[in-house]
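Colleague: Return atomic coordinates for the entry below.
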Amino acid sequence: MSIRRDSLVDTVMKGSPATIRVFLDFKLGCVGCPIASFHSVEDACREHGIDHESFLAALRAAIA
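Modeller: Prediction:
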């Protein structure tokens, strides 16, 4: 699975469950959030003030 900044949060977590730990480590409350099916990774990072490049790198490392 390729994770991009426009990937939906819910799709990322369902497609690669190992990424859930990354969301939790970055203190994102996306797990179980009803908006996760509408927010992209970039949206979530912007909402929580997280650098999306660092977050994407961590997500990609989790599935490598």
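
Colleague: For the helix ranked longest in the chain, which helices and strands make contact with it?
Modeller: Taking DSSP state H as the assignment, the helix of the chain that covers the most residues is helix 52-63. The contact analysis (3 or more CB pairs under 8 Å, 6 or more residues apart in numbering; DSSP states H and E) places helix 52-63 against helix 19-25, helix 41-48. Where C-beta positions appear, they are placed from N, C-alpha and C, glycine not excepted.

Colleague: in the first one, what's buried?
Modeller: For helix 19-25, burial by neighbour count (16 or more other CB atoms under 10 Å) applies to 19-20, 22-23.

Colleague: Columns distance to H48 and pLDDT on top of those residues, output as a markdown table?
Modeller: Converted to a markdown table, the buried residues of helix 19-25 look like this (distance: CB to CB, whole Å; pLDDT from 0 to 100):
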| residue | distance to H48 | pLDDT |
| --- | --- | --- |
| T19 | 15 | 97 |
| I20 | 16 | 96 |
| V22 | 13 | 97 |
| F23 | 10 | 96 |
